Structures are given as structure tokens and as C-alpha cells.
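*Asks:* Have a look; sequence and predicted model below, questions after that.
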Amino acid sequence: MNQHRSTWSIQVGSVASIAIRIHVTFLLLFAYFVYLSPADARLNEALFITAVFGCVLAHELGHALVARYFGIHTNDITLYPFGGIASITSQPAPKAELAIALAGPLVNVLVALLLLPSLDFSHLAAVSQAPPEEALLSFQEKIFIANVSIGLFNLLPALPMDGGRVLRALLALCNSKNATFIAARVSKVLCVLMALGAVLIGQPILLLISFIIFIGAVQEHVRAESRSLAEAFLVEDVMVAKENLETLPHGTTISKALRASFNSLQPLFLVTVGDEPQGVVFREEILEHAATTPDDYISAIVFRDLPAVDARAPLSQALALLEEEQSHVALVTRDGVFAGIASYDRVADFLLMKGVRNHFPPEEETEWPTPP
Ligand SMILES: [Zn+2]
């Protein structure tokens, strides 16, 4: 089930069983840049962009493979116009986070070192003095500069950049309980300074970048808050117990299921074979198939093989499992026996409300007036 995955990216292959995806905006921008360059330089431009994104991919693979060493799975690597993102499924411990964060820029350092023997430094020095229109760099020189830039830029100590993760990991290793909070603060201050600098020197791209990093830092902070909340609650605090679940036997037709949906506020039904859960069927699926195949049985549209989690496990475990399995729903068991379900939306809602509540001062029990 790929319910959380962006539909705007295309899988182009896989490396070490990690799916490599390219976002559509990247392809559009690629075509645009190649189109903009003079006809005789188009092939070179296309090769250069491909090589740079090869280096970005190698950088992300650096993160993903070191994460694997620490037992953390990477769902996929997606290339965007502003760089790559390796979607690592769980939050690593500080030591692992430090290694994973450093691995990416280290790959760029290695590429730059490999290119070093092929560079002519007197030429590079001459080019740096020349006016921009005469500054002709060779292919290797451009790739060298790109790798040094990617490495340095990612080491900026601002979340969610690698440097920000290094900072957070170091803070956490120094026993700071508020590592993410402090790192996010530092990031926001850095972004404001960068934005001011961008305005002063008239660099709109830098302004945009500081804005994007600022948003990333805020998101990282929110994620860290919900992670620590998810540690504090159990799966049974948020699951829908089986007695409260609306259930359909697997032999129900889609048209019958549609009628059941009319009388229900639930976004999904549990589908059972006898007393055993077979999976779940989503309301959208019922609506979609009711028009075309109303006489089919719902077992044709059931999501089976749902991951299972124990009712007394911390909520964070359920979240990590749902993300890792790319599933919307998990079966909840108590002592190995089916006890209910936990859905991603419900968990996210629950954490959101608990998080919001934490931002309000504790209040005395309010007596709600009884309506007359
Ligand atoms: Zn990185």
C-alpha cells in the first residue's frame, strides 16, 4: 500500500533494494534548463545536471547505507530540484544520527578528493579572476565545485540539514534533554540571519533557501514533539476496540457495503472470515467500486496483511510500524489475540490534540453548564 507516498514522483530504479524516485518538478526543471542552453551546449548541460544529481544520489545513499548499518530502514530516495531526500523510517539514537548525518557530506568530500588529481589549479585560479562570461570551467572542475558546495551547504548547522542533525546529535550526546528544541532555535536564528544577508546583498535565491530551511526547522520541531508524545502513550489509548468496530463478513457484496456506509461515520470497515479479521476495506474504495462492480464481494477490495502491534506497546512503535510498512492501519492484539485496530489518521489526530493541549496552561476542572 502506497498511501502516504507522493504520486508526483516516478520510480526509476533501485540501489541496494532502496527505491530511487524522481519528482516530476525535477524532470520539468531539467528539461527547462537544457532547453534554455544554446543548442550546441545542450548535451553538455544535460550531462552536467545528470552528473550533479548522481552526486546528490550518492550523498543520499551515504545516509541510507549508514542508516542500514544501524538497523534503520530507508523506504526510498527521492530527487527534488533542490536536492535529494532519503526517507528513513525511524528516529536514530544520537550516535547513529551523528554517523548517518555525516555520511552524506562525506561522500561529496570523497568524490571531490577523487577528482583532485585531474584538476589544474592554475587554471581554476585564472578562472576565478576572470569576468563571469569568460569563466570557462572544465567538466571535472564544475563537478568538483558542485561536490564541495553540496558538502558545505549540507553541513550548515540548521535543521533539517545534515549540519543541524549533527548539532542535535552532539547536543543529545552531551545529555541535553532539549536537543531538538535547541537545534531548532539555532536553525531559526541562522535562517533569519541568512535571510537578512540575502536581502542586504540582493540574493533572492538565498532568501528563498533560508525560508525553506526555516519551515523545515519548524516541522522538525513539531515532529520531535509528537515523537516524545508518542513515547508517553500506549497503543490502547488510541485504538478502536473490536467491539466498537463496524464489521462486514467477507461475503458481503460491494452494493451491500455501500448501504452500510450510508449509515456509518466510520472511514473503514473491518472485514472478517468467521471471527478472524481478514483486513479492512476503506469507504473510498467501496464508493469507487460501487459504480462499476456492485455485485463483487468486498473481499476483492480488502487490504490484507496489515501489520500487527501489541495494545501495550508505546504509540511510537505503532507509528514507526505504520510508516515502515507504508500502511494506513495496524491490527492491535492483546496477548496475541485480535483486540482492535489503530489507524494512522487517528494516531496523528490524537497526537496533534495532545500536543496542542500541552501549549495551554493546566486549568482547573471546568464545570460545563448543563443545557436546560
Ligand atoms: Zn544529506
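*Replies:* All right, it came through fine. Nothing here was measured: the structure is a model prediction, and the numbers come from that model.
*Asks:* When you work out contacts or count neighbours from here on, use the C-alpha atoms and nothing else.
*Replies:* Noted.
*Asks:* List the buried residues in stretch 60-78.
*Replies:* When neighbours are counted by 16 or more other CA atoms under 10 Å, the buried residues of stretch 60-78 are found to be 60-67, 70, 72-78.
*Asks:* residues contacting residue 320?
*Replies:* Counting by CA atoms under 8 Å, 6 or more residues apart in numbering, residue 320 touches 89, 90.
*Asks:* hmm, back to that, of the buried residues of stretch 60-78, the lowest pLDDT goes to which?
*Replies:* Lowest in pLDDT among the buried residues of stretch 60-78 is residue 75, which has 85.
*Asks:* Hmm, residue 90 and that residue touching each other?
*Replies:* No - with contacts counted by CA atoms under 8 Å, residue 75 stays clear of residue 90, the gap being 10.5 Å.
*Asks:* Need the max-distance pair from the buried residues of stretch 60-78.
*Replies:* Using CA to CA, the pair of these lying farthest apart is 70 and 78, separated by 21.2 Å.
*Asks:* Give me the pLDDT for the spatially most central residue of the chain.
*Replies:* For the chain, residue 87 is the residue whose C-alpha lies nearest the centre (CA atoms, centre = their mean; 4.8 Å). pLDDT, residue 87: 84.
*Asks:* So for the worst-scoring helix or strand of the chain on mean pLDDT, what gets flagged as buried?
*Replies:* Least confident helix or strand, the chain: helix 121-129 with a mean of 76, by mean pLDDT, DSSP states H and E. Across helix 121-129, burial judged by 16+ other CA under 10 Å covers residue 124.
*Asks:* what's the answer for stretch 333-347, then?
*Replies:* Neighbour-count burial for stretch 333-347, counted by 16+ other CA under 10 Å, picks out 333, 338, 339, 340, 341, 342, 343, 344, 347.
*Asks:* just how off-centre is it within its chain?
*Replies:* Centroid separation for stretch 333-347 versus its chain: 24 Å, with CA atoms, centre = their mean, to the nearest Å.
*Asks:* Mind listing the residues bridging to residue 80?
*Replies:* On the basis of DSSP bridges, residue 80 is bridged to residue 83.
*Asks:* who's in contact with it?
*Replies:* Residue 80 makes contact with 22, 23, 25, 26 under the criterion CA under 8 Å, 6+ apart.
*Asks:* just curious, which of those residues is nearest to residue 56?
*Replies:* Nearest to residue 56 among those: residue 22, at 12.0 Å, using CA to CA.
*Asks:* one step back: got a quick ChimeraX command for the buried subset of the contacts of residue 80?
*Replies:* Per 16+ other CA under 10 Å, the buried members of the contacts of residue 80 correspond to this ChimeraX selection:
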select :22,23,26
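*Asks:* now the helices: where do they sit in this protein?
*Replies:* Secondary structure of the chain (DSSP state H): helices at 24-36, 42-69, 94-115, 121-129, 139-154, 162-173, 179-201, 204-232, 254-262, 283-290, 315-324, 344-358.
*Asks:* and the angle for the longest one with helix 162-173?
*Replies:* Relative orientation of helix 204-232 and helix 162-173, computed by axes from the mean of the first three to the mean of the last three CA atoms, to 10 degrees: 30 degrees.
*Asks:* Same question for the fifth one.
*Replies:* Comparing the axes of helix 139-154 and helix 162-173 via the same axes, to 10 degrees yields an angle of 40 degrees.
*Asks:* what helices or strands is helix 139-154 leaning on?
*Replies:* Secondary-structure packing of helix 139-154 (3 or more CA pairs under 8 Å, 6 or more residues apart in numbering; DSSP states H and E): helix 42-69, helix 94-115.
*Asks:* now the second one
*Replies:* With contacts defined as 3+ CA pairs under 8 Å, 6+ apart, the secondary structure elements packing on helix 42-69 are helix 24-36, strand 74-80, strand 83-88, helix 94-115, helix 139-154.
*Asks:* Find the one among these with the highest mean neighbour count.
*Replies:* Neighbour counts (mean count of other CA atoms under 10 Å) averaged over each of the helices and strands packed on helix 42-69 peak at strand 74-80, with a mean of 22.
*Asks:* Convert that strand to PDB, retaining C-alpha atoms only.
*Replies:* Extracted C-alpha coordinates of strand 74-80, given in PDB (Å, rounded to 0.1, in the frame of the first residue of the first chain):
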ATOM      1  CA  THR A  74      15.100   3.600   4.200                       C
ATOM      2  CA  ASN A  75      11.800   3.500   2.200                       C
ATOM      3  CA  ASP A  76      13.100   5.400  -0.800                       C
ATOM      4  CA  ILE A  77      15.300   8.200  -2.000                       C
ATOM      5  CA  THR A  78      13.500  10.900  -4.000                       C
ATOM      6  CA  LEU A  79      15.400  13.500  -6.100                       C
ATOM      7  CA  TYR A  80      13.800  17.000  -6.000                       C
END
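*Asks:* would you turn the helices and strands packed on helix 42-69 into JSON lines with distance to residue 312?
*Replies:* As requested, these are exported to JSON lines (distance: least, CA to CA, whole Å):
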{"stretch": "helix 24-36", "distance to residue 312": "42"}
{"stretch": "strand 74-80", "distance to residue 312": "26"}
{"stretch": "strand 83-88", "distance to residue 312": "25"}
{"stretch": "helix 94-115", "distance to residue 312": "26"}
{"stretch": "helix 139-154", "distance to residue 312": "39"}
